[in-house]
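Asker: 3D model of this:
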Amino acid sequence: MSDDCIFCRIARGEIPSRKIYEDDLVFAFHDINPIAPVHFLVIPKVHVASMAELEDEHEAALGRAMVVAGKIAREQGATDGFRTIVNTGRVGRQEVYHLHIHVLGGPEILPAMLKR
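Answerer: A predicted model of the protein is given here:
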């Protein structure tokens, strides 16, 4: 973990969060500014700045993150589907440089992915 990364600090319990799940590899918590009825984040506990920096050694943590994301989404009420978003880098509009998966769901609230 990084000493100054906000998500590392959340995972360590130094910054309060509305924790949903935690194990040795991942941490999940509600988004502080939700944009959907279901909106939480899943982060690996190991500090990885973005998806562009993933290596083979991160496979277990990211695999766990995906499994946890689906399980929690269903538990939070997104039983008819949900969206996962991983913003990567400046062009991908990443704001916090610790890899994180946004999970959003709710009744018919999500627009189409991209306008064609």
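
Asker: what segments of the protein are helices?
Answerer: Along the chain, counting by DSSP state H, helices occupy 6-11, 59-75.

Asker: would you reformat those as TSV and include mean pLDDT and distance to residue 88?
Answerer: C-betas here are computed from N, CA, C, even on glycine. TSV is the format used below for the helices of the chain (pLDDT from 0 to 100; distance: least, Cβ to Cβ, whole Å):
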stretch	mean pLDDT	distance to residue 88
helix 6-11	97	15
helix 59-75	98	13
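
Asker: any idea which of the ones you listed is most buried?
Answerer: Neighbour counts (mean count of other Cβ atoms under 10 Å) averaged over each of the helices of the chain peak at helix 6-11, with a mean of 19.

Asker: any chance of TSV for the helices of the chain, columns distance to residue 91?
Answerer: Shown next, in TSV, are those (distance: least, Cβ to Cβ, whole Å):
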stretch	distance to residue 91
helix 6-11	21
helix 59-75	21
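
Asker: residue 47: which of those is closest?
Answerer: Nearest to residue 47, of all the helices of the chain, is helix 6-11, at 5.4 Å by Cβ to Cβ.

Asker: run the chain-centre distance for the closest one.
Answerer: Remark: helix 6-11 is offset 12 Å from the chain centroid, using Cα atoms, centre = their mean, to the nearest Å.

Asker: which helices and strands does that helix pack with?
Answerer: If you count contacts as 3 or more Cβ pairs under 8 Å, 6 or more residues apart in numbering; DSSP states H and E, helix 6-11 packs onto strand 26-30, strand 38-44.

Asker: partner strands of the first one, with direction?
Answerer: Here strand 26-30 has these sheet partners by DSSP bridges: strand 19-22 (antiparallel), strand 38-44 (antiparallel).
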